[in-house]
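S.K.: Okay, here's the prediction I keep looking at, along with the sequence it came from:
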Amino acid sequence: MSQAETPPQTGTAPQAGPAEPGGPAEPGGPAGPGGPAGPRDPDPVRVRPRDPVRPRSPLWTLGLLRSEITTLLRRHRTFALLGVLAAVPVLIGIAVRIETGGGGGGSGGPDGGAGPAFLAQVTNNGLFLVFAALAATLPVFLPMAVGVVAGDAIAGEASSGTLRYLLVAPAGRTRLLLVKYASVLAFCLVATLVVAASALAVGALLFPVGEVTTISGTRISFGEGLVRAALTALVVAVSLTGFAALGLFVSTLTGSGIGAMAATVGLLVTVQILDSIPQLSGVHPYLFAHYWMSFADVLREPVHWDDLIKNFQLQGLYVAVFGSAAWARFTAKDITA
């Protein structure tokens, strides 16, 4: 048989040797340098199909909320805001002490207004400094602090470039918005309690404490007075929820934290001015600040709930309207920072 002749085919295929470097890859094997990549079975250990997105557990959401509240309370700006709020009762107490020389003041009348009546009662009972301090801080100081925190909730993350990373976590836009609003509500409560605790400490230090004379003229025990003071602080915190929702909505409209804070505080000042104009009495019941001072009804005997319920309903309306608007805006917003 000559060398040009082809050997006869046998039933056994010849074994393929190892591929030469640079040659074509085996089917199902890796491509050689410059060779086409052939189909390859997935590695059961290293390559997995993408798992479906699993819903996060409530514990994970609570952890995110705890982290957000902790971060908020550790900021220097938050310490500064709480420090200013805590200083207001101290200044009021010292001023009243110097003015009266520690002597008994007027009773203020059973049906007097919240501010003057509470201030007049401070020298007789230091517990009234709690109500006087809340009455002094609620129109401006407390909502201004809440406006700063709420306006910075979303816009501050965008301006610092961390909003995109929070969404990649993945937190989800709806969950992140709810966590942000919950942290603002927590600040509302903490800020109100700081004012109340500071006022209680200063009032007990500078003035006598004992049985409490309500603005209805009846007397209640000091323990019940403390309960009324705690309830008053809770009512004040709830009164700020509508404004907090408004500030959160403003925060979703811009990527500038300073701009959102300024706009929120500007809305607060505008509403306060509108609420003080008698010619606009028709719109007063729809302004979020109109029923803020209704917390004074907690110190009546029995408690008058009419204006308190109107206040809660109005705040709930603001939360529903501006909370929905914030959600609609934030979920449809292009996050570029």
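M.R.: Looks like it came in fine.
S.K.: continuing past the worst-scoring helix or strand of the chain on mean pLDDT, what's the next helix or strand?
M.R.: Using mean pLDDT, DSSP states H and E, the weakest-scoring helix or strand in the chain turns out to be helix 163-166, at a mean of 62. Next in sequence after helix 163-166, counting helices and strands by DSSP states H and E, comes helix 173-206.
S.K.: and the helix or strand just after that next one, which strands flank it?
M.R.: Using DSSP H and E, the helix or strand that directly follows helix 173-206 along the chain is strand 212-213. When sheet partners are counted by DSSP bridges, strand 212-213 sits next to strand 219-220 (antiparallel).
S.K.: got the buried residues for the helix or strand that the strand it pairs with is followed by?
M.R.: Proceeding C-terminally, strand 219-220 gives way to helix 222-239 as the next helix or strand, assigned by DSSP H and E. Judged by neighbour count (16 or more other CB atoms under 10 Å), helix 222-239 contains these buried residues: 225, 228-229, 232-239. Quick note: C-beta positions are derived from backbone N, CA and C, even for glycine.
S.K.: which element is the nearest residue to Leu280 once chain neighbours are set aside on?
M.R.: Excluding its sequence neighbours, the residue lying closest to Leu280 (CB to CB, 6 or more residues apart in numbering) is Leu274, at 5.6 Å. Secondary structure assigned from DSSP H and E places Leu274 in helix 257-275.
S.K.: in that helix, what's buried?
M.R.: Neighbour counts using 16+ other CB under 10 Å place 257, 259-261, 263-265, 267-268, 271, 275 of helix 257-275 among the buried residues.
S.K.: quick revisit: output the buried residues of helix 222-239 as JSON lines; include the columns distance to Val149.
M.R.: Putting the buried residues of helix 222-239 into JSON lines (distance: CB to CB, whole Å) gives the following:
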{"residue": "Gly225", "distance to Val149": "30"}
{"residue": "Arg228", "distance to Val149": "27"}
{"residue": "Ala229", "distance to Val149": "24"}
{"residue": "Thr232", "distance to Val149": "22"}
{"residue": "Ala233", "distance to Val149": "18"}
{"residue": "Leu234", "distance to Val149": "19"}
{"residue": "Val235", "distance to Val149": "20"}
{"residue": "Val236", "distance to Val149": "16"}
{"residue": "Ala237", "distance to Val149": "13"}
{"residue": "Val238", "distance to Val149": "16"}
{"residue": "Ser239", "distance to Val149": "16"}
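S.K.: so how far is Leu138 from Val122?
M.R.: Distance, Val122 to Leu138, by CB to CB, to the nearest Å: 17 Å.
S.K.: So between those two, which is more surrounded?
M.R.: In this comparison of Val122 against Leu138, neighbours counted by other CB atoms under 10 Å, the higher total goes to Val122 at 27 against 21.
S.K.: any idea how far Ala326 is from Val184?
M.R.: Ala326 sits 11 Å away from Val184, taking CB to CB as the criterion.
S.K.: Equivalent analysis for Gln279, please.
M.R.: Remark: distance between Gln279 and Val184 (CB to CB) = 33 Å.
S.K.: out of these two, which sits in the more crowded spot?
M.R.: The residue with the greater number of neighbours, taking Gln279 and Val184 and applying other CB under 10 Å, is Val184; the counts read 27 against 5.
S.K.: Is the more buried one in contact with Gly247, as I believe?
M.R.: Yes - here Val184 reaches Gly247: they are 7.3 Å apart, a contact under CB atoms under 8 Å.
S.K.: Now list whatever residues contact both of those two.
M.R.: 146, 149-150, 153 (CB atoms under 8 Å, 6 or more residues apart in numbering).
S.K.: of those, closest to Phe128?
M.R.: Nearest to Phe128 out of the shared contacts of Val184 and Gly247 is Val146 (CB to CB; 24.5 Å).
S.K.: I figured that closest one hits Cys188, correct?
M.R.: Yes - counting by CB under 8 Å, Val146 does reach Cys188; the two are 5.6 Å apart.
S.K.: Before I go, just wanted to say thanks for your time.
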